[in-house]
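Structure for this input, please:
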Amino acid sequence: MTVDTRLWSDKIRNLTPYVAGEQPKADNLCKLNTNENPFPPSPKAIDAMQQVLARGADLRLYPDPESEDLCQTLADYYKLDRSQVFVGNGSDEVLAFIFACFFVKDRPLLTPDISYSFYPVYAQTFDVDTKIIPLKDDFSIDTADYNESCGGIIIPNPNAPTGVLLALDDIKKLAKQHPNAVIVIDEAYIDYADKSASAISLIDDFDNVLVVQTFSKSRALAGLRVGMAFGNTNLISALNTYKNSFNSYPIDRVAQAGAVASILDEEYFEQKRQAVITLRDRLTDDLAGLGFDVLPSAANFVFAKPNHSVLSTQEIFEKLRSQGVIVRHWNKPRISDYLRITVGTDEQNARLIQTLKEILV
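Residues are numbered from 1 along each chain as shown. Take a look at the predicted model:
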């Protein structure tokens with residue numbers, strides 16, 4: 001007997017999955033395409049995870065379903081109440097819960113035309129209507145363009161893939177314009193901006209602002225899959241209700257221990273955060289010296305366009321790849337002339353620049 005798939009196959013067939021940056025397996029790659037941290041995680045985080053594994057018998061037990069230690073550590077770090085903190089299995093899962101919970105189905109979700117390419121996938125998966133708002137010519141956001149009825153707003157800040165930062169005053173304007181809509185600020189890269197740039201500072205004044213962050217970038221724990229959201233107690237309670245209706249144990253014991261230790265190791269975090277910012281600024285100058293227009297970045301990557309090369313951006317991307325230097329390129333309107341380049345180590349950045357010199361002669 002063959003299962004009749006007609007009842008559900010159309011839904012699956014019509015989904016367009018998110019395509020992550022490639023993870024090639026070849027040796028001697030200079031991998032600058034997925035915005036991973038060029039430095040390792042905190043040694044204290046690694047030690048904390050190893051201690052959990054050393055107590056191997058504990059792994060027979062379920063982890064704390066509410067991740068209380070991690071949530072309280074985050075609350076203390078950001079000077080919030082525990083009830084204002086939610087954690088999940090990577091910020092992608094947190095974002096999926098947000099799409100399922102908060103975006104009103106009969107009014108459109110507003111989002112920039114150039115932003116995190118997982119948003120359209122979530123919208124399709126959860127049947128959320130979206131209205132795409134074009135960025136300005138300089139890839140910045142004009143909040144006046146969002147002054148219309150909506151079921152929610154989601155913006156990555158700094159934006160991905162551009163790296164451009166939206167000021168806190170502009171986020172306040174959005175929150176005031178839409179008091180009955182949830183304004184989601186996706187801050188995956190915020191630690192590479194000025195320390196005062198995070199919208200977490202707004203959540204006590206605006207009960208419709210929800211901020212999403214991750215351990216994947218600035219804390220170098222992309223392989224651990226821990227994400228978090230900060231917001232009004234009612235928003236966080238709704239996320240917990242949805243999470244516990246989906247999977248009541250989303251973060252394992254090892255991940256909880258590593259994430260807590262990472263937060264507590266402030267000295268290491270600040271040292272590596274500043275190092276990446278210094279490397280980013282140097283990479284920006286080096287690319288400009290090779291004839292690239294580079295957008296002002298507040299992230300751990302740059303968005304760069306060759307401005308006088310006889311080669312197309314696609315050709316530069318392919319030639320870099322043939323030399324083992326992997327960056328990101330999208331053949332999409334408005335951004336097909338740009339490369340997104342992750343900030344690497346000194347050695348990786350030097351290899352990129354030298355390879356570009358050889359390509360562009």
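
all contacts plus neighbour counts: C-alpha atoms, from now on.
Noted.

For Ser115, list the residues it contacts.
By Cα atoms under 8 Å, 6 or more residues apart in numbering, the contact list for Ser115 reads 155-156, 159-162.

Can you read off the pLDDT for it?
Per-residue pLDDT puts Ser115 at 96.

do you know how far it is from Asp186?
Per Cα to Cα, to the nearest Å, Ser115 is found 10 Å from Asp186.

what's the answer for Pro38, then?
Distance of Pro38 to Asp186, computed by Cα to Cα: 22 Å.

Of the two, which one has the most company?
Legend: neighbour count by other Cα atoms under 10 Å for Pro38 and Asp186, higher for Asp186 (25 against 21).

Grab the nearest non-local neighbour of the more buried one.
Pro156 (4.4 Å; Cα to Cα, 6 or more residues apart in numbering).

Pull up the pairing partners for the helix or strand hosting Thr111, direction included.
Per DSSP states H and E: Thr111 is located in strand 109-112. Strand pairing for strand 109-112, determined by DSSP bridges: strand 130-133 (parallel), strand 152-156 (parallel).

who does the helix or strand following that strand touch, helix- and strand-wise?
Downstream of strand 109-112, the next assigned helix or strand under DSSP H and E is helix 119-125. On a contact count with 3 or more Cα pairs under 8 Å, 6 or more residues apart in numbering; DSSP states H and E, helix 119-125 meets helix 90-102.

Packing partners of the helix it packs on?
In terms of contacts (3+ Cα pairs under 8 Å, 6+ apart), helix 90-102 is packed against helix 119-125, strand 209-214, strand 227-231, helix 233-244.

in it, what's buried?
Neighbour-count burial for helix 90-102 flags 90-100, 102 (criterion: 16 or more other Cα atoms under 10 Å).

quick one: which of these is nearest Arg321?
Asp92 (27.6 Å; Cα to Cα).

Quick check: closest non-adjacent residue to the closest one.
Nearest non-adjacent residue to Asp92, counting by Cα to Cα, 6+ apart: Gly227, 7.5 Å away.

and that neighbour, how far is that from Val184?
To Val184, Gly227 is 14 Å away according to Cα to Cα.

And Lys105, what's its pLDDT?
79.

measure the closest residue to it other than its chain neighbours to Ala96 for me?
Residue nearest to Lys105 in three dimensions, not counting chain neighbours: Val128, with 5.6 Å by Cα to Cα, 6+ apart. Relative to Ala96, Val128 is positioned 12 Å away (Cα to Cα).

who touches both of the two?
The contact sets of Val128 and Ala96 overlap at Tyr122 (Cα under 8 Å, 6+ apart).

Looking at the chain, which helix is longest?
Ordering each helix of the chain by length in residues (DSSP state H) puts helix 266-289 first.

all helices of the stretch 51-200 of the chain, in order?
Secondary structure of the stretch 51-200 of the chain (DSSP state H, counting those that start in this stretch): helices at 68-78, 90-102, 119-125, 168-177.

As a markdown table, the ones you listed with mean pLDDT would be great.
A markdown table is the format used below for those (pLDDT from 0 to 100):
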| stretch | mean pLDDT |
| --- | --- |
| helix 68-78 | 98 |
| helix 90-102 | 96 |
| helix 119-125 | 93 |
| helix 168-177 | 97 |
